[in-house]
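Colleague: Structure for the following, please:
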Amino acid sequence: MSDGAERGGIPPRLQKEYYGIDAGEYEALRPLLIHGCVVCGARRRADNSGDPGVRAATSIFVAAIQSLARCSISPSDCTAVAVAWWNKQAGVSITAAEQARCIFLHMYHCNTSAWFLRILLIRFNMQATSALGYIGRHGGTKDVSEKLGDIAKGAMAAISVYRATFPGNVQDVVIHGFPDIPVRRWCVFCHSPRGIRERLYERYAEVLTSGNSGTIADIAEALADGLAEDDLACLQCTRAEVARDAHYHYLVHDASPLALIHRLTAAISAIGISSVWGAIRLEGGTLTPASNGASAARKAEIAIARLSALVARVPGTERYAGMPAQGLRFVRET
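Modeller: Predicted structure coming up:
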């Protein structure tokens, strides 16, 4: 068990689910910094190479990694995609395991704007999910309201930093020629054929923004019920399996601002509902208003509303880290 788990943080297994590596593996990447980053160096070499083939292959490699930062597939799958493209090139001198470490090094240590935002969005979504779980077990509290406001403010700051570098719309990069890639856990939303995946995601986004999505179980059921029989046959899935994947995708894969806003809104709504029973109290035989952390809840509501407005100002931002990159193929793990 890692130090983080011993101190009350999430266990290494869940760290790998969300981040692709655990805290111990993250620290082990630091010595690689002595020799520089392969991905950052590839961009420099491509810019200065006189060989058009080298420039083209390296540019695709760098574009793929940038595009993967904006998609919903797990960091582990992102690494598998990058390694698969890397090994299509001639004269690769290091093993796949070493290549994976180089990709993770770039994700977590080079502070490129795309991966910086992706990693922070994973963190904020994890915190919002944990707040929802706490409220479900214990009800609303002033401390939780303050945390929700802090999460929203942190997300606003991270998105603003990203936009300072990339002010335009979020665009998916179409990259062809990748081989099929085994994945740790196949997800209908991340790995299904492109046409079905696009329809699923549009339906998914519609459910999250409808204001009537209900619980996570309700979201999963609504998405499964919305699939046509032809789509189920193409996916070779039952509706129950689609609902299972929808539940998992929402909780683990989707780190988008759209999902974050949905979680924060659901949490602050739950706090508001739980507080109605304590709206007044009896003092000396007279009813008097009771705030019970209402001020903290109002500040959180304002922060969430500002986050929503920030995301809405640039189309496509709400899907960042939620829509898979196009043109990539995957296979079920055997």
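
Colleague: quick one: low-confidence parts of the stretch 1-150 of the chain?
Modeller: By pLDDT under 70, the low-scoring segments of the stretch 1-150 of the chain are 1-8, 46, 139-140.

Colleague: Please enumerate the strands of it.
Modeller: In the stretch 1-150 of the chain, no strands are defined using DSSP state E, counting those that start in this stretch.

Colleague: repeat for the stretch 201-334 of the chain
Modeller: So, for the stretch 201-334 of the chain - with DSSP E, counting those that start in this stretch - the strands run 280-283, 286-289.

Colleague: Reformat these as CSV; add distance to S192 and mean pLDDT.
Modeller: C-beta coordinates here come from the backbone N, C-alpha and C atoms, glycine included. Shown next, in CSV, are these (distance: least, CB to CB, whole Å; pLDDT from 0 to 100):
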stretch, distance to S192, mean pLDDT
strand 280-283, 52, 78
strand 286-289, 52, 80
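
Colleague: burial measure for S76, as a count.
Modeller: 17 (other CB atoms under 10 Å).

Colleague: do you know how far it is from L251?
Modeller: 16 Å (CB to CB, to the nearest Å).

Colleague: go on, V39?
Modeller: 29 Å.

Colleague: before we move on, what about H106?
Modeller: 26 Å.

Colleague: higher neighbour count, those two?
Modeller: Per other CB under 10 Å, whichever of H106 and L251 has more neighbours is H106, with 24 against 18.

Colleague: Distance check, R123 against L117.
Modeller: Counting by CB to CB - R123 and L117 are separated by 11 Å.

Colleague: From the neighbour counts alone, determine which of those two ranks first.
Modeller: Neighbours per residue, other CB under 10 Å: of R123 and L117, the larger number sits with L117, 25 against 17.

Colleague: so who does that one touch?
Modeller: 69, 158-159, 161-162, 320-321 (CB atoms under 8 Å, 6 or more residues apart in numbering).

Colleague: Please name the nearest non-neighbouring residue to Y204.
Modeller: L223 (6.0 Å; CB to CB, 6 or more residues apart in numbering).

Colleague: oh sorry, the question was meant for I175
Modeller: G327 (4.7 Å).

Colleague: you'd agree that neighbour is up against W85?
Modeller: No - with contact defined as CB atoms under 8 Å, G327 and W85 do not form a contacting pair (11.5 Å).

Colleague: okay, the two: which has more neighbours?
Modeller: W85 (19 against 15).

Colleague: Would you mind confirming that the more buried one is in contact with I60?
Modeller: Yes - with contacts counted by CB under 8 Å, W85 reaches I60, the gap being 7.1 Å.

Colleague: and for those two, which residues touch both?
Modeller: I175.

Colleague: okay, the contacts of L117 in CSV with neighbour count and distance to I10 next?
Modeller: As requested, those are exported to CSV (neighbours: other CB atoms under 10 Å; distance: CB to CB, whole Å):
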residue, neighbour count, distance to I10
A69, 22, 22
A158, 20, 20
I159, 22, 24
V161, 13, 25
Y162, 20, 25
Y320, 24, 23
A321, 26, 19
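
Colleague: Which ones among the residues you listed lie within helices?
Modeller: Those of those mapping onto helices are 158-159, 161-162, per DSSP state H.

Colleague: Let me know the closest of the residues you listed to I151.
Modeller: Nearest to I151, judged by CB to CB, of the ones in helices among the contacts of L117 is A158 at 10.7 Å.

Colleague: and the closest one, what pLDDT?
Modeller: If you check A158, the pLDDT there is 95.

Colleague: need the contact list for it.
Modeller: Here A158 is in contact with 116-117, 120-121, 124 (CB under 8 Å, 6+ apart).

Colleague: hmm, 10 Å instead?
Modeller: Shown in contact with A158 (CB atoms under 10 Å, 6 or more residues apart in numbering): 113, 116-121, 123-124, 257.

Colleague: what does G50 give?
Modeller: With CB under 10 Å, 6+ apart, G50 has no contacts at all.

Colleague: Dihedrals phi and psi, the residue nearest to I175?
Modeller: The phi/psi pair for G327 (degrees, to the nearest 10) reads phi 80, psi 10.

Colleague: correct me, but Y108 touches Q15?
Modeller: No - taking contacts as CB atoms under 10 Å, Y108 lies outside contact range of Q15: 12.0 Å.

Colleague: what do these two both touch?
Modeller: With CB under 10 Å, 6+ apart, Y108 and Q15 have common neighbours 21, 25-26.
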